[in-house]
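>>> Prediction below, plus the sequence it came from.
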Amino acid sequence: MDQGLTAAEQRELEARLQKRQVKEFMNVFGNLVDTCFTACVDDFTSKAISSRESGCLTRCVSKSMATQNRLSERFAEINASVTAEMQGKR
Amino acid sequence: MDQGLTAAEQRELEARLQKRQVKEFMNVFGNLVDTCFTACVDDFTSKAISSRESGCLTRCVSKSMATQNRLSERFAEINASVTAEMQGKR
Amino acid sequence: MDQGLTAAEQRELEARLQKRQVKEFMNVFGNLVDTCFTACVDDFTSKAISSRESGCLTRCVSKSMATQNRLSERFAEINASVTAEMQGKR
Amino acid sequence: MSSLFGLGRPQPSSAEKIAAVENELKVMALMHTRMLKICSAKCLDKTYREGELAKGESVCLDRCAAKFFEAHTTVSEQLQKQGEAAQRAAGGGGGGFGF
Amino acid sequence: MSSLFGLGRPQPSSAEKIAAVENELKVMALMHTRMLKICSAKCLDKTYREGELAKGESVCLDRCAAKFFEAHTTVSEQLQKQGEAAQRAAGGGGGGFGF
Amino acid sequence: MSSLFGLGRPQPSSAEKIAAVENELKVMALMHTRMLKICSAKCLDKTYREGELAKGESVCLDRCAAKFFEAHTTVSEQLQKQGEAAQRAAGGGGGGFGF
């Protein structure tokens, strides 16, 4: 991936990647809240989250994180095997 | 928010914020058209918007703007109180 | 559209537009896969795409491309006529 | 279209001129993407039993495109009237986007 | 809000200070857009027979806004506990966003 | 993956090399986000009565991920065939993204 980058380029790249990571994380966080809020909160007779809704949010966040971890693993695996296959063809 | 910025930094910031505002406004406008078009336009036997659809669009835009104004007020209020609470804790 | 640009500006603009085009293309490609995958793939008893799903994907991609071409034509036509009308009013 | 959004009317410096043109194309591309999404949802049979557009789907897309543009104009005019209010809602300040 | 996300605590250089403020406003704008979308879906009658907010819709929006903020705090606290795991999932590395 | 999209094959200058790597990671991150959204919708029970993934959900996610990648390859090959047409539709010009 980063073959052929000098040390300075590598540093610049890392700085950019860190910015990207923060952005990525904000997106993931926002999507998580949106998904779980949409699925769990539907009682607007009160302005405070009920214990039922709160429990649902907690489970939704756990399950979503588990989903994300699992898909990240699959993503990395498949990506590695696709890349290997492509390299072989060159 | 802007404590600790020099006058020059303040100007630079304002220039950027204005650009951001234009972008923000385009997004709001686009979302508004999308929402109201999706909700109101569903007769494709003609290529001109009917008076029924037109009335629906007008009401949808008014209501969406009212929604946005109301949520902006709430957002500012809640945000202010959260910030105040956090400041108190420091 | 580009009246009043010097040759250097024109080159700079073209460089930027090419970057934009790549980005645009990635978006179009991503949306296409998402739309067709969502519509066509729904059997998770196997990890390989079935021939039924594959056929559906092919037709969905064809139809989506046709849709895009058709809407691009309409978009250009309408846009041209709106612009002409606006120019006339100035 | 330049005029529909009224962006970039005073285009002085070199960088600004380029940014203005770039911005207009971006606005157009976004509008195109949104139209594609919305009109596809309104007009296409989602079973994909056919790989070509049926006659009815094609006609529907043409009309949807025309109506989508018209809706932009309508909404933009309405916002222009409700003017200042809308701008405050969008985050305040500045003036005259030409809506 | 600065504190909710904890971004930009050490703000040394000029460009960085500006970027930090800009970034916070961006975060706020995004949150606002998401709230608008979600609470509209939860609270508004989509037939648009009226152009004004009904009393019930207004009250629903107010409560939805409050709950949306509360959900952010709740989820953020939960993630902080599950901390490192979450960060690895988000792409690894770095530390301490203050969630 | 570099090869799947074929971007950044000629990487001359320093800034360009960095941009190329950054761009690839961006493409990967976007694909990951899209997969997360789509496979969650296909595989998860939305009632959230449980905070862990059920066995069936896990297996579904694994298969969904594999199929999602396969669909990318399939669609990309089809577009390569319909090649020029697709590029014109996407805004014209340039050539050879390797799809």
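Done, it's in. Residues are numbered from 1 along each chain as shown, chains lettered A, B, ... in the order given.
>>> Quick check: residue A:49 vs chain F, distance?
14 Å (C-beta to the nearest C-beta, to the nearest Å). No exception for glycine: its C-beta is placed from N, CA and C like everyone else's.
>>> er, residue D:16 I mean
Residue D:16 is 23 Å from chain F, by C-beta to the nearest C-beta.
>>> same thing with residue A:36?
Taken as C-beta to the nearest C-beta, the span from residue A:36 to chain F is 8 Å.
>>> can you check residue A:83 too?
6 Å.
>>> per-residue confidence at that residue?
The pLDDT attached to residue A:83 in the predicted structure is 81.
>>> Now the residue lying farthest from the centre of chain A: closest residue in space that isn't a chain neighbour?
Going by C-alpha atoms, centre = their mean, the residue of chain A most distant from its centre is residue A:45, 33.0 Å out. With C-beta to C-beta, 6 or more residues apart in numbering or on different chains as the criterion, residue A:45 has its nearest non-adjacent residue at 7.9 Å, and that residue is residue E:63.
>>> Tell me which residues touch residue D:26, please.
residue C:20 (C-beta atoms under 8 Å, 6 or more residues apart in numbering or on different chains).
>>> and residue A:20, how many residues sit next to it?
15 (other C-beta atoms under 10 Å in any protein chain shown).
>>> Surely the residue nearest to residue A:45 touches residue A:50?
No - judged on C-beta atoms under 8 Å, residue E:63 makes no contact with residue A:50 at a distance of 11.5 Å.
>>> which helix in chain A runs the most residues?
If each helix of chain A is counted by residues according to DSSP state H, the longest one is helix A:51-89.
>>> Just the buried positions in that one, please.
Residues of helix A:51-89 classed as buried: A:53-54, A:56-68, A:70-72, A:74-75, A:78-79, A:82 (neighbour count, 16 or more other C-beta atoms under 10 Å in any protein chain shown).
>>> Stretch D:17-32 too?
Of the residues in stretch D:17-32, D:17-29, D:31-32 count as buried by neighbour count, 16+ other C-beta under 10 Å.
>>> Flag the shaky bits of chain D, pLDDT-wise.
Scanning chain D for pLDDT under 70 picks out D:1-12, D:84-99.
>>> OK, contacts around the residue in it sticking out farthest from the centre?
Distance from the C-alpha centroid of chain D peaks at residue D:49, with 31.2 Å (C-alpha atoms, centre = their mean). Listed by C-beta under 8 Å, 6+ apart, the contact set of residue D:49 reads residue C:59.
>>> quick one: which helix or strand includes it?
Using DSSP states H and E, residue D:49 sits in no helix or strand.
>>> Over to it: give its phi and psi.
Reported as degrees, to the nearest 10, the phi and psi values for residue D:49 are phi -80, psi -20.
>>> so which strand or helix has the spatially most central residue of chain A?
Nearest to the geometric centre of chain A sits residue A:28, at 4.8 Å (C-alpha atoms, centre = their mean). For residue A:28, the host element (DSSP H and E) is helix A:7-40.
>>> Next, whatever residue of chain A ends up closest to chain B: secondary structure please.
Nearest residue of chain A to chain B: residue A:47, at 10.1 Å (C-beta to the nearest C-beta). Three-state call for residue A:47 (DSSP: H, G, I helix; E, B strand; the rest coil): coil.
>>> tally of neighbours for it?
13.
>>> Now do the contacts for it.
E:62-63, E:66-67.
>>> Tell me the one of those nearest residue B:86?
residue E:66 (16.9 Å; C-beta to C-beta).
>>> Excluding sequence neighbours, find me the nearest residue to that closest one.
residue A:47 (4.2 Å).
>>> got it, and residue A:59?
residue F:51 (3.6 Å).
>>> can you check residue A:60 too?
Closest to residue A:60 by C-beta to C-beta, 6+ apart is residue A:36, at 3.7 Å.
>>> what sits against the one you found?
If you count contacts by C-beta under 8 Å, 6+ apart, then residue A:36 has A:56-57, A:60-61, A:64, E:71, E:75, F:48 around it.
>>> since we're on the nearest residue to residue D:39 once chain neighbours are set aside, how many residues are nearby?
Closest residue to residue D:39 apart from its sequence neighbours, by C-beta to C-beta, 6+ apart: residue D:64 at 3.8 Å. Using other C-beta under 10 Å, residue D:64 is surrounded by 24 other residues.
>>> Relative to residue C:28, how far out is residue D:64?
19 Å (C-beta to C-beta, to the nearest Å).
>>> cool, residue A:76 as well?
26 Å.
>>> cool, residue A:73 as well?
29 Å.
>>> And for residue A:34?
Taking C-beta to C-beta, one finds residue A:34 at 24 Å from residue C:28.
>>> and the longest helix for chain D?
The helix spanning the most residues in chain D, taking DSSP H as the definition, is helix D:14-43.
>>> any idea of the angle that one forms with helix C:51-89?
Angle, helix D:14-43 to helix C:51-89, by axes from the mean of the first three to the mean of the last three C-alpha atoms, to 10 degrees: 130 degrees.
>>> Quick check: next helix or strand after helix D:14-43?
Using DSSP H and E, the helix or strand that follows helix D:14-43 in sequence is helix D:55-81.
>>> Let me see the contact set for the residue most central in space within chain D.
In chain D, the centroid-proximal residue (C-alpha atoms, centre = their mean) is residue D:31; its distance is 3.9 Å. Going by C-beta under 8 Å, 6+ apart, residue D:31 touches B:30, C:75, D:72.
>>> Which member of these is positioned nearest chain E?
residue B:30 (11.1 Å).
>>> Run through who's touching stretch D:55-75.
Everything outside stretch D:55-75 that qualifies as a contact, by C-beta under 8 Å, 6+ apart, is B:29, B:32-33, B:36-37, B:41, B:44-49, B:53-54, B:57-58, B:61, C:67, C:70-71, C:74-75, C:78-79, C:82, D:4, D:31, D:35, D:38-39, D:42-45, D:53.
>>> Tell me how far residue D:30 lies from residue E:18.
26 Å.
>>> measure the residue farthest from the centre of chain D to residue E:49 for me?
37 Å.
>>> Over to residue D:39?
Residue D:39 is 25 Å from residue E:49, by C-beta to C-beta.
>>> Please apply the same query to residue D:28.
Taking C-beta to C-beta as the measure, residue D:28 falls 34 Å from residue E:49.
>>> And for residue D:80?
Residue D:80 is 25 Å from residue E:49, by C-beta to C-beta.
>>> Then residue A:73?
50 Å.
>>> what's the burial count for residue A:40?
25.
>>> Apologies, that question was intended for residue A:37.
Neighbour tally, residue A:37, other C-beta under 10 Å: 28.
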